[in-house]
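Trainee: 3D, please:
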Amino acid sequence: MAITTHDTETDVQDRAILVSLVTDKIKRTGIDPELSLQELVQLAETAGVEVLDVIRQNKETPDSKWFIGKGKVEELRMAADGLGANTAIFDQELSGAQVRNLEESLDLKIIDRTQLILDIFAGRAKTREGIIQVELAQLSYLLPRLSGQGKNLSRLGGGIGTRGPGESKLETDRRHIRDRITELKRQLDDVIKTRELHRERRRKSGAVQVALVGYTNAGKSTLLKQLTDADVYIENQLFATLDPTSRVLQLPGGKEVVLTDTVGFIQNLPHDLVASFRATLEEVNEANLVLHVVDSSSPMREEQMDVVQSILQDLGAAGKPQIVLFNKTDLCQPEQLEMLPTGPGFLKISAFNPDDLTRITEIISDELAGDTLIFRIPGDRGDLSSLLYRVGEVLEQNYDENDVLYNVRLNKEDYDKWSYKLAEFIEPQ
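Mentor: Numbers count the residues shown, from 1 in each chain. From the prediction side, this is the model:
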């Protein structure tokens with residue numbers, strides 16, 4: 001459904017021209033400007049914006065007043081007049097002063113990439129934690145830019161860049177905004193403590209955790225649904241999933257693991273958003289295994305994989321055991337499939353292929369599997385028997401008088417966690 005802006009008595013859809021400035025600094029960072037611009041188109045469409053045109057400029061450094069050069073400002077004005085645009089969306093962050101100058105010169109609503117992503121997140125947040133995180137990120141972003149929010153804040157209704165905190169909060173003085181940020185951080189701390197309690201409970205229960213990570217729209221939620229029959233929102237849009245979802249996945253042999261879907265990554269993920277969502281993103285640090293889901297049909301596949309690895313590095317999760325799932329093979333041309341890496345740690349799959357889903361559970365089971373040990377458990381120690389079934393893969397069970405002999409495949413991490421209970425029951429081999 002299109003987002004509308006209530007400028008007058010009738011609703012007016014956001015009709016935008018997208019603007020990208022490629023500076024020498026951006027070239028040095030290795031960020032692909034074309035990939036970023038393609039994503040900006042997708043982000044705008046995800047927000048319900050009608051994209052009319054794209055304007056590019058190469059410049060050594062941004063213009064301090066306009067961001068783009070004065071001549072480009074004139075070109076943008078003529079394009080907006082000719083196409084009937086009411087919004088300009090920039091692919092890079094703007095300062096408050098630049099927003100104000102551009103608005104006054106162009107008589108357009110000015111939005112930058114960060115504000116657009118924050119707006120999409122505001123529309124997607126459903127849980128209390130997600131709502132708090134998004135509002136905190138929005139206010140942290142807007143606080144230093146309040147002086148540049150003229151046209152945005154004068155509008156009475158919705159539209160991109162105005163969802164979430166609401167006009168009344170944004171028009172208050174800086175002290176009120178800072179107080180609100182302090183209160184949101186306090187609320188988020190409470191939520192984080194609750195999340196940590198849940199994590200600790202999972203650790204104590206011996207639950208093995210597997211995290212789905214990947215670029216936005218790589219198909220993580222579809223995979224979670226197909227593997228676990230989870231009731232999750234699935235849409236061919238960027239950031240369709242915002243709040244992490246965990247479901248139990250049963251592996252071959254009966255072992256159960258907790259499979260968690262995480263928010264999708266994207267190039268230039270806003271700093272304020274990463275900071276606010278850090279507790280959510282750090283779910284991946286608790287994982288015993290990371291499944292990196294890749295859209296193998298994307299022409300920017302390699303760049304997207306690099307972005308994911310970079311963010312995992314920032315989160316301190318780069319060293320986690322990882323399996324790369326090249327998803328959406330049903331959308332690939334034969335030559336695309338041939339270019340995909342093969343071998344241990346890589347799997348070509350379609351989330352809609354039952355055989356591929358079976359292969360995923362098998363490779364997870366193999367990756368998590370460890371040594372095979374025999375435990376002699378007294379018949380009256382049902383607690384230890386159930387523990388073996390929960391943390392390992394019971395391959396065989398035999399009876400010897402009053403004891404039960406369990407042949408169990410158990411990985412080292414799980415054995416180390418439970419050795420204080422199990423070590424004395426290991427049978428010599």
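
Trainee: which intervals of the stretch 51-200 of the chain have sub-threshold pLDDT?
Mentor: Along the stretch 51-200 of the chain, the model assigns pLDDT under 70 to residues 147-173.

Trainee: can you map out the helices along it?
Mentor: 70-83, 96-106, 113-124, 128-142, 150-154, 167-170, 174-205 (DSSP state H, counting those that start in this stretch).

Trainee: adding distance to Gln42, write those helices out as CSV.
Mentor: C-betas here are computed from N, CA, C, even on glycine. As requested, those are exported to CSV (distance: least, Cβ to Cβ, whole Å):
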stretch, distance to Gln42
helix 70-83, 20
helix 96-106, 23
helix 113-124, 10
helix 128-142, 19
helix 150-154, 22
helix 167-170, 27
helix 174-205, 29
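
Trainee: Glu256 is nearest to which of those helices?
Mentor: helix 174-205 (10.5 Å; Cβ to Cβ).

Trainee: in that closest one, what counts as buried?
Mentor: By neighbour count on 16 or more other Cβ atoms under 10 Å, the buried set for helix 174-205 is 177, 180, 184, 187-188, 191-192, 195, 199.

Trainee: what do you get for stretch 354-372?
Mentor: Counting neighbours by 16+ other Cβ under 10 Å, stretch 354-372 gives 356-357, 360-361, 363-365, 367-369 as buried.

Trainee: can you check stretch 270-281 too?
Mentor: For stretch 270-281, by 16+ other Cβ under 10 Å, it's 270, 272-273, 276-277, 279-281.

Trainee: and that stretch, end to end?
Mentor: Distance across stretch 270-281, first residue to last, is 14 Å (Cα to Cα, to the nearest Å).

Trainee: same question, stretch 391-406
Mentor: 13 Å.

Trainee: run the chain-centre distance for that stretch.
Mentor: Mean-position distance between stretch 391-406 and its chain equals 42 Å (Cα atoms, centre = their mean, to the nearest Å).

Trainee: ok, residues contacting it?
Mentor: 206, 208, 251, 253-255, 365, 369, 372, 374-379, 385, 388, 407-411, 414, 417-418, 427 (Cβ atoms under 8 Å, 6 or more residues apart in numbering).

Trainee: if we use 7 Å, what do you get?
Mentor: Stretch 391-406 is touched from outside by 206, 253, 255, 369, 372, 374-379, 385, 388, 407-410, 414, 418, 427, with contacts defined as Cβ atoms under 7 Å, 6 or more residues apart in numbering.

Trainee: narrow those residues to those that are buried.
Mentor: Members of the contacts of stretch 391-406 classed as buried by 16+ other Cβ under 10 Å are 255, 369, 374-375, 377, 385, 388, 407-410, 414, 418.

Trainee: just the ones of those residues in helices?
Mentor: Using DSSP state H, 385, 388, 414, 418 are the members of these that sit in helices.

Trainee: tell me which of the residues you listed is nearest to Leu118?
Mentor: The closest of those, once distances to Leu118 are taken by Cβ to Cβ, is Asp414, at 40.1 Å.

Trainee: any chance of the buried ones among the contacts of stretch 391-406 in a markdown table, plus distance to Met305?
Mentor: Shown next, in a markdown table, are these (distance: Cβ to Cβ, whole Å):
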| residue | distance to Met305 |
| --- | --- |
| Lys255 | 29 |
| Ala369 | 26 |
| Ile374 | 42 |
| Phe375 | 41 |
| Ile377 | 45 |
| Ser385 | 43 |
| Leu388 | 38 |
| Asn407 | 39 |
| Val408 | 36 |
| Arg409 | 31 |
| Leu410 | 32 |
| Asp414 | 29 |
| Trp418 | 35 |
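
Trainee: ok, of those, which one's closest to Glu286?
Mentor: Asp414 (14.1 Å).

Trainee: once you drop chain neighbours, what's closest to the closest one?
Mentor: Val391 (4.7 Å; Cβ to Cβ, 6 or more residues apart in numbering).

Trainee: ok so, going back, of the buried ones among the contacts of stretch 391-406, which is the nearest to Ser140?
Mentor: Asp414 (39.9 Å).

Trainee: look up how far Lys109 lies from the closest one.
Mentor: 54 Å (Cβ to Cβ, to the nearest Å).

Trainee: my understanding was that Leu347 contacts Ile364; is that so?
Mentor: No - using Cβ atoms under 7 Å, Leu347 makes no contact with Ile364, being 10.1 Å away.

Trainee: contacting residues around the nearest residue to Val54 once chain neighbours are set aside?
Mentor: Residue nearest to Val54 in three dimensions, not counting chain neighbours: Leu18, with 4.7 Å by Cβ to Cβ, 6+ apart. By Cβ under 7 Å, 6+ apart, the contact set of Leu18 is 37, 40-41, 44, 51, 54, 89, 91.

Trainee: tell me the pLDDT at Leu35?
Mentor: For Leu35, the model assigns a pLDDT of 82.

Trainee: from the contact counts, what lies against the host helix or strand of it?
Mentor: Here Leu35 sits within helix 33-46, counting by DSSP states H and E. If you count contacts as 3 or more Cβ pairs under 7 Å, 6 or more residues apart in numbering; DSSP states H and E, helix 33-46 packs onto strand 15-22, strand 50-58, helix 113-124.

Trainee: name the residues of it that are buried.
Mentor: 33, 35-37, 39-41, 43-44, 46.

Trainee: same thing with stretch 16-26?
Mentor: 16-23, 26.

Trainee: can I get that stretch in CSV, CA atoms only?
Mentor: Extracted C-alpha coordinates of stretch 16-26, given in CSV (Å, rounded to 0.1, in the frame of the first residue of the first chain):
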residue,chain,number,x,y,z
ALA,A,16,10.4,10.9,-5.8
ILE,A,17,13.6,11.5,-7.7
LEU,A,18,16.5,9.6,-6.3
VAL,A,19,19.9,11.3,-6.0
SER,A,20,23.3,9.7,-5.7
LEU,A,21,26.6,11.6,-5.1
VAL,A,22,29.8,9.6,-5.6
THR,A,23,32.7,11.2,-3.9
ASP,A,24,36.4,10.2,-3.7
LYS,A,25,35.8,9.1,-0.1
ILE,A,26,33.1,6.7,-1.2
